[in-house]
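Enquirer: Next come a sequence and a model predicted from it.
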Amino acid sequence: MEAKLFQSIQPCKWVDTENLMRKPGAFIRVSHKTMDNSRVRSMFMNVQSSKRVSAHQNRFSRKVLSSLKNPPGSVLLESGGFPASLDESLVLKNKSAEIDSVLNGRCIYLVGMMGSGKTTIGRVVSEALSYSFSDSDLLVEQKAGGMSVAEIFKQHGEGFFRDKETEVLKELSMMHRFVVSTGGGAVIRPINWKHMRSGISVWLDVPVECLARRISAVGTGSRPLLHGESGDAYSKALTRLSTLLEERGEAYANANTRVSFEHIASKLGHVNVDNLSPAAIAIEVLVQIESFLKG
Ligand SMILES: Nc1ncnc2c1ncn2[C@@H]1O[C@H](COP(=O)(O)OP(=O)(O)OP(=O)(O)O)[C@@H](O)[C@H]1O
Ligand SMILES: O=C(O)C1=C[C@@H](O)[C@@H](O)[C@H](O)C1
């Protein structure tokens, strides 16, 4: 049963692995401290998200096949409902191949404010690199017997949640070839940085107005730290997020590298940051990682 589940949640192969020959040396040697058997890996690949990933893989594969008949530049691939062009897909594929050996199996930790896209972008990056994906909030929920983050905060308080989050990051630090979407507040505890230093950390730096637009569109129900403000959904989110960002700005800057949405928008000639595709952001994540590793 477990083996079956693991098979169903293997990383997506849209990266055309047949042509993208991985050198034997590109796979890291597993130290005695590194957990690498499929049973352990499957514990960290969130079951909830894996169902989505599996459906998503099929969609990717179908789109890639149909892409062969389409002209370059047309919209071909889709990630979580977001379209990506063939150009973006090819750049992602090439960039992933380029950095694979220099990454050497190290995990990638995406940090950033809630709503910054850690989960959305994390999935795209993991698929491009043929890495597994994990969401630390979901792992904390599993540890708490399936309670939601909001319920954990309500029943046990933030301290309990943070302790579980630290446990989860410690366990993940023993893994390799994972992209991890961390909780928005994971950066505030120095011990979490010790665990994240086992891999490469990337800060998704998104303007607070964009975060507030995204979050007010989906509601603050699952985000306990945004409860309690008055006013309309956008203003409430903006007020609270601005305070949090002010408190945490320096903590996010501890990341090995930063992906600035304003920078991507200006590079691509977009007037605002709201229309950046996950694929374009994922490419910048890989570019920044490469620059850090070669830097
Ligand atoms: N590039 C994008 N363009 C438009 N919307 C996006 C983009 N990336 C993410 N979103 C949307 O923003 C919202 C938050 O994204 P996501 O859940 O990936 O962020 P997160 O950083 O994981 O959030 P949290 O830490 O709160 O779990 C979702 O509704 C998602 O669909
Ligand atoms: O920014 C934060 O502190 C949080 C973000 C979410 O991902 C959850 O980890 C939780 O709601 C706390």
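Expert: Sure, I can see it. Ligands and ions are numbered 1, 2, ... in the order given.
Enquirer: residue contacts, Pro224?
Expert: If a contact means Cβ atoms under 8 Å, 6 or more residues apart in numbering, then Pro224 has Val149, Ala150, Phe153, Lys154, Glu158 as its contacts. Using the backbone N, CA and C atoms, a C-beta is placed for each residue, glycine as well.
Enquirer: Out of those residues, name the two that are farthest from one another.
Expert: Within the contacts of Pro224, two members stand farthest from each other by Cβ to Cβ: Ala150 and Glu158, at 11.5 Å.
Enquirer: Write out the residues of the stretch 51-200 of the chain neighbouring ligand 1.
Expert: Counting by Cβ under 6 Å from any ligand atom, the stretch 51-200 of the chain comes close to ligand 1 at Gly112, Met114, Gly115, Ser116, Gly117, Lys118, Thr119, Thr120, Asp137, Ser181, Gly184.
Enquirer: just checking: which of those residues also lie near ligand 2?
Expert: Contacts with ligand 2 within those, as defined by Cβ under 6 Å from any ligand atom: Met114, Asp137, Gly184.
Enquirer: Got phi/psi on the last one?
Expert: The phi and psi torsions at Gly184 (degrees, to the nearest 10) take the values phi -60, psi -30.
Enquirer: Secondary structure class of the nearest residue to it once chain neighbours are set aside, three-state.
Expert: What sits nearest to Gly184 in space, not counting adjacent residues and going by Cβ to Cβ, 6 or more residues apart in numbering, is Met114, at 3.9 Å. The three-state label given to Met114 by DSSP: H, G, I helix; E, B strand; the rest coil is coil.
Enquirer: Around Met114, count how many other residues there are.
Expert: Per other Cβ atoms under 10 Å, the neighbour tally for Met114 reads 21.
Enquirer: what about whichever strand or helix holds Arg213, near ligand 1?
Expert: Using DSSP states H and E, Arg213 maps to helix 208-218. Yes. Helix 208-218 reaches ligand 1 (Cβ under 6 Å from any ligand atom) through Arg214, Val218.
Enquirer: Could you give the average pLDDT over that helix?
Expert: For helix 208-218, mean pLDDT rounds to 93.
Enquirer: which residues sit against it?
Expert: By Cβ under 8 Å, 6+ apart, the list of residues contacting helix 208-218 from outside reads 113-116, 223, 226, 232-234, 236-238, 241-242, 245, 261, 272-274.
Enquirer: let's go with 6 Å and repeat that
Expert: The contact list for helix 208-218, computed with Cβ atoms under 6 Å, 6 or more residues apart in numbering, reads Met113, Gly115, Ala233, Tyr234, Ala237, Leu238, Leu241, Ser242, Leu245, Val273, Asp274.
Enquirer: and that helix, which residues are buried?
Expert: Neighbour-count burial for helix 208-218, counted by 16 or more other Cβ atoms under 10 Å, picks out Val208, Glu209, Cys210, Leu211, Ala212, Arg213, Arg214, Ile215, Ser216.
Enquirer: do stretch 158-173 as well
Expert: Phe161, Arg162, Lys164, Glu165, Thr166, Val168, Leu169, Glu171, Leu172, Ser173.
Enquirer: Tell me the one of those residues nearest Leu92?
Expert: Nearest to Leu92 among the buried residues of stretch 158-173: Leu172, at 23.6 Å, using Cβ to Cβ.
Enquirer: Val124 is in what secondary structure piece?
Expert: Using DSSP H and E, Val124 falls in helix 118-129.
Enquirer: Next, the angle from that helix to helix 208-218.
Expert: 100 degrees (axes from the mean of the first three to the mean of the last three Cα atoms, to 10 degrees).
Enquirer: ok, residues contacting the helix or strand that contains Val285?
Expert: Counting by DSSP H and E, the element that carries Val285 is helix 278-294. For helix 278-294, contacts defined as Cβ under 6 Å, 6+ apart pick out 79, 82, 84, 88, 91-92, 95, 99, 102, 120-121, 124-125, 200, 202, 256-257, 259, 264.
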